[in-house]
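S.K.: what follows is a predicted structure for the sequence shown.
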Amino acid sequence: MKTFSKGIHPFYNKELTSGLNIEKIPLSPKLVIPVLQHLGSPSEVIVKKGDDVIIGQLIAKSSGFVSANIHSPVFGKIAKINPKPIVGGRMASHIEIDVDIEKTKNYVWEKQNVDLSKMTSEEILTKIKEAGIVGLGGATFPTHIKYTQPKDKIIDTLVINGAECEPYLTCDHRLMIEKADEILKATEIVSKLLPLKSIIIGIEANKQDAISAFTKILKNYDLPIEVIPLKVKYPQGAEKMLIHATTKRVVPSGKLPLDVGVVVSNVGTLFAIYEAIYFNKPLIERVVTISGDIVKKGGNFLVPIGTPIEHILSQVEVDINKAYKVIFGGPMMGVAVPSLDYSITKGTSGILFFSEKLAKTSEETPCIKCGNCMKACPMNLMPNRLAAFSKAKKWDVIKDNNLYDCMECGSCAFVCPAKIDIVGWIRYAKNYIKSKNL
Amino acid sequence: MDLKKEGFILSSSPHIKAPISTRKIMFLVIITLIPTIVISILYFGSSVLILYITAIISCMITEALIKLIRKQKVTSIFDGSAIVTAILLVMTLPPSIGWQKVALGSFIAIAVAKELFGGLGQNIFNPALVGRAFLAAAYPVSMTTFSKPNTVFPFLADSLSKATPLAAAKFDKVFTDIPSLFFGQVGGCIGETSSLTLILGGLILLIIGVINWRLVFSYLGTVILLTTIFWLKDPQNFASPIFHLFSGGLIIGAFYMATDMVTSPVTNIGNFIFGIGAGLLVVLIRIFGGYPEGVMYSILFMNACTPLINRFTKTKAFGT
């Protein structure tokens, strides 16, 4: 079975939620929407306190080349606009909306009459851009940029990322099972944008139902689509690893997938593209996995962007008093948050609640040079040395040791018997060098 | 009761860790050494047990004292690394050595070879071997006086001489039979004689990946290859490769000493280089040197080369 070299085998715990259908939960009476939900510059707020907003209305607009629009997911009234920390600690304005629950609940997005053959690629790209679509796998890079044909390069391959290698998360898994047809329709759309010779859907082999959901309906599509089952290994879904596993192409250090003629999109992103084109629906909701070792009954929920954690908590069975850690995203690359005062954003694939047992951090002991981290590193780096150089503040040396090739997947720290926070030290080095312009 | 809303633990990802620790690794090594400890007591008597206990106490107390002086956490003495050093040191000493010398050797191993360099993970040389090297220099007579082993396996020929098989081969051209060597019913250091139990323990460590097969096999392979050449040329004067493999400290050296994570290279190629280099040195010393045995020096020499090997065998990052 296809895969990349090295990597790790964490405990997956996906069975907690992988069998649960995507479910809508009752609307939250209040939404809190940060204007920075994507990679790039924050969106510019274009509403003010007291404004009435309708569902799908633009409330913050893209403010630069790498930026994205943000829309109201509901009917309601702007309650306030306040700066607050977003997940990860940066500050950004948050638009708070009092939700008109009845009106929103009864609204139905109408399917449009779409004839793809009559649409130009500019029209399609504009729609994707207007809809505020960003990569939903976690990196949240604005999608329209990815699908804009670069001047001097030919992108001939689309790799659809259905690996979902992060433990616990099952939102992509469920989306593939339940929305396979819509995802394939989206590949028809993006085929209009790029001269694709090959469309590959990469799915880890622990999601056989998702694999067969696609293979069953492939014959309905006149496109060069192939479903490739991938070995169950972390980080199979990392862009460079996925490209290597599915196409044998190697993205050179410091380069992007487009440099080897590939564009990678998460299955959720493609579903969003489908909705934008066929329903004129901007990206205002997403599927989020709620799980963790203290969650008695979690699930995969379709929730409006801006839904506060506390509202979601009221819909699942979890004893929050037993929670010692709350994580946005997966356990390998997700971000821990200090309080419940955060809400779902475009990049939130899951929220995990961990008990004291899982949350407890062990004390760092000296590196015994066992080499486990090197055996795990999918980028073939020497993480132990990077951590040591960072501790010693040897910035020149660390840059010579491929610091920037580290994608912070966490495999090294996962296998470290000395419990060294290798990724933390690597991040420290990157941030330090950046902040001091070294 | 109010619901918890804040005060959650913040830490850098990843938020899950594999259930392994330095302590677990050390205790795994200790467990695999138990068969060898048992057989060494059978061969050389219960006095050997006293030596093991002496070394363990001495190593742990030494480490605790130095941690106190350096104002570091004393609890690190329970991470198992001092115990591994103690057991391995005793295994490389002659059975008749006094407990006082063992205590001193243990002190040197921990204080000089390990803590002076900064403690666990920072040392250049294998602490147990430094302890042994110190004793070999300080007490050359007791370190080369060996005793006859008890007869544990009656089907083997009784050990005739007190001399180690390597000394007998080098100086008298008397080659000990292979079965006696393999089971270890011969004169020699406390824990080095029984290839049987050492290989048993070593294989377990190889299978679970605690020690690097590249180092073990390139080390043993180099010795076998080179001694085969000499043996084929002149079997009267040179011992067979199998003899070399199972005699002296080669097996304990290859499985337990050279593979010490801290003092061996971290890269795959580096492990091959270390193994080949050490194998070459063993054969050079055993055949051309003044000593009958060269395992200790081969490993200490390669320990010294390890930082350099690491530097020159840096991995090539994906996409570069």
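M.R.: Here it is on my side, so go on. Numbers count the residues shown, from 1 in each chain, chains lettered A, B, ... in the order given.

S.K.: domain map for the chain?
M.R.: This is for chain A. A:116-279, A:372-435 (automatic domain parsing).

S.K.: wrong one, I was asking about chain B
M.R.: B:23-143, B:162-310.

S.K.: now mean neighbour count too, for those domains, in TSV please.
M.R.: The C-beta positions use only the backbone N, C-alpha and C, and glycine is treated the same way. Shown next, in TSV, are the domains of chain B (neighbours: other C-beta atoms under 10 Å in any protein chain shown):
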stretch	mean neighbour count
domain B:23-143	20
domain B:162-310	21
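
S.K.: can I get those domains in TSV with distance to chain A?
M.R.: As requested, these are arranged in TSV below (distance: least, C-beta to the nearest C-beta, whole Å):
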stretch	distance to chain A
domain B:23-143	4
domain B:162-310	4
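
S.K.: quick one: closest of those to residue A:203.
M.R.: For these, the distance to residue A:203 is smallest for domain B:162-310, at 29.2 Å, taking C-beta to C-beta.

S.K.: helices along the stretch 151-300 of chain B, start to end?
M.R.: B:165-172, B:178-183, B:195-207, B:213-233, B:241-246, B:250-252, B:268-283, B:295-312 (DSSP state H, counting those that start in this stretch).

S.K.: the helix or strand of chain B with the lowest mean pLDDT vs helix B:295-312, what angle?
M.R.: Using mean pLDDT, DSSP states H and E, the weakest-scoring helix or strand in chain B turns out to be helix B:165-172, at a mean of 86. On the basis of axes from the mean of the first three to the mean of the last three C-alpha atoms, to 10 degrees, helix B:165-172 is oriented at 110 degrees to helix B:295-312.

S.K.: returning to that earlier point: ok, which of the domains of chain A comes nearest chain B?
M.R.: Nearest to chain B among the domains of chain A is domain A:372-435 (3.2 Å), distances taken as C-beta to the nearest C-beta.

S.K.: first-to-last residue distance for the closest one?
M.R.: Using C-alpha to C-alpha, to the nearest Å, the gap from the first to the last residue of domain A:372-435 comes to 31 Å.

S.K.: same deal with stretch A:388-399?
M.R.: 13 Å.

S.K.: quick one: contacts of it?
M.R.: A:367, A:386, A:401, A:425, A:426, A:428, A:429, A:432, A:433, A:438 (C-beta atoms under 8 Å, 6 or more residues apart in numbering or on different chains).

S.K.: need the contact list for the last one.
M.R.: Read that as residue A:438. Here residue A:438 is in contact with A:395, A:432 (criterion: C-beta under 8 Å, 6+ apart).

S.K.: ditto for the second one
M.R.: Neighbouring residues of residue A:386 by C-beta under 8 Å, 6+ apart: A:398, A:401, A:403, A:406, A:422, A:425, A:426, A:429.

S.K.: again with the third one
M.R.: Residue A:401 sits next to A:381, A:382, A:385, A:386, A:389, B:314 when contact means C-beta under 8 Å, 6+ apart.

S.K.: can you list the buried residues in the strand or helix carrying residue A:185?
M.R.: In the assignment (DSSP states H and E), residue A:185 maps to helix A:180-191. By neighbour count on 16 or more other C-beta atoms under 10 Å in any protein chain shown, the buried set for helix A:180-191 is A:180, A:182, A:183, A:184, A:185, A:186, A:187, A:188, A:189, A:190, A:191.

S.K.: how close does residue A:286 get to chain B?
M.R.: Applying C-beta to the nearest C-beta, to the nearest Å, the value for residue A:286 to chain B is 21 Å.

S.K.: count of neighbours near that residue?
M.R.: Other residues near residue A:286 number 24, with proximity taken as other C-beta atoms under 10 Å in any protein chain shown.

S.K.: ok, it - contacts?
M.R.: Residues in contact with residue A:286 (C-beta under 8 Å, 6+ apart) are A:136, A:171, A:268, A:272, A:302, A:303, A:305, A:344, A:346, A:348.

S.K.: if any of those residues are buried, give me the PyMOL selection for them.
M.R.: Buried subset of the contacts of residue A:286, written as a PyMOL selection, criterion 16+ other C-beta under 10 Å:
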select buried, chain A and resi 136+171+268+272+303+305+344+346+348
